[in-house]
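Peer 1: A predicted structure for the sequence below; I have some questions about it.
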Amino acid sequence: MNKFFITGLPRSRTAWLASFFTGNNSFCYHEMLRISSGFEDGIKKMLNRKEMYVGNSDSSLPIWMDKIDHILRDSPIVIIERDVNEISDSLTNLFGQDFERALDKTLEGIEIIKNKYNYISIDYNELNNQSCLETLCNFCTPKLNFDKDKFETLKTINISLNKNLKDLYTKSVRKNNKEYVNYMSYKIYS
């Protein structure tokens, strides 16, 4: 199995990219730790998939990457680059609070990724261009053919978090993976 990772700051289309990379002998989790009982369980889920390529598209990866350093060393990583002010505004509008500290920690982690691992950077604003997605496919899933019809269909879809679901989302994260929530809180606020 070949593993790949997609990351960037929050609100950088990681859910959309997880959808794009699922199908045709490829599976991509969106924030795999949300549906896992801890780091080990998340990695086990990834390693037990039967597809040729298995990925995780997750904006929190730069904060917890040290937990899977041994896997990241041999995996392609895509970093989605988006203007931090756009992201801050989007998060404030969605959740009604400031995420400056979390964004700073994520940016620090992204710099570590750039200095330590095999990565490419993609401009957020280019994600609707076919050539950009072809580049991502060649990097993450090189033995699979680019699916132009899937791209054309998905580029018309906007995946977003419903404001009314934020409390349900937060509760599910805390309930399903206390290890992850505690670790993230420690990394961001310590």
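Peer 2: Here it is on my side, so go on. What you see is a predicted model; the values in this text were computed from it and never measured. Numbering: from 1, shown residues only.
Peer 1: next one: stretch 110-117 to chain centre, how far?
Peer 2: For stretch 110-117, the separation from the chain centroid amounts to 15 Å (computed by Cα atoms, centre = their mean, to the nearest Å).
Peer 1: repeat for stretch 3-19
Peer 2: Here the centre of stretch 3-19 is set off from its chain's centre by 3 Å, with Cα atoms, centre = their mean.
Peer 1: residue nearest the middle of this structure, spatially speaking?
Peer 2: Geometric centre of the chain, nearest residue: D58, 1.9 Å, by Cα atoms, centre = their mean.
Peer 1: burial measure for the residue nearest to that residue when sequence neighbours are not counted, as a count.
Peer 2: Leaving aside its sequence neighbours, D58 sits nearest to E31 (Cβ to Cβ, 6 or more residues apart in numbering; 4.8 Å). Just so you know, the C-beta spots here come from the backbone N, C-alpha and C atoms, and that holds for glycine as well. Neighbourhood size, E31 [other Cβ atoms under 10 Å]: 20.
Peer 1: residues contacting E31?
Peer 2: The contact partners of E31, by Cβ atoms under 8 Å, 6 or more residues apart in numbering, come to 14, 56-60.
Peer 1: list the buried residues of the longest strand anywhere in the chain.
Peer 2: Using DSSP state E, we find that the single longest strand of the chain is strand 2-8. Across strand 2-8, burial judged by 16 or more other Cβ atoms under 10 Å covers 2-8.
Peer 1: contacts for the lengthiest helix in the chain next, please.
Peer 2: If you go by DSSP state H, the chain has its longest helix at helix 100-116. Applying Cβ under 8 Å, 6+ apart, the contact partners of helix 100-116 are 7-10, 59-63, 65, 72, 77, 79, 84, 87-88, 91, 119, 121, 187-189.
Peer 1: among these, which ones are in strands?
Peer 2: Using DSSP E, these in strands are 7-8, 77, 79, 119, 121.
Peer 1: between these, which is nearest A18?
Peer 2: Comparing these against A18 with Cβ to Cβ places T7 closest, at 11.5 Å.
Peer 1: tell me the confidence at that closest one?
Peer 2: pLDDT recorded at T7 is 96.
Peer 1: residues in contact with it?
Peer 2: Contacts for T7 (Cβ under 8 Å, 6+ apart) come out as 14, 57-59, 61-62, 77-80, 110, 113.
Peer 1: most neighbours, which of the residues you listed?
Peer 2: Counting neighbours by other Cβ under 10 Å, S57 leads those with 29 neighbours.
Peer 1: how near is that residue to N85?
Peer 2: In this view, S57 and N85 are 23 Å apart by Cβ to Cβ, to the nearest Å.
Peer 1: again with T7
Peer 2: T7 sits 19 Å away from N85, taking Cβ to Cβ as the criterion.
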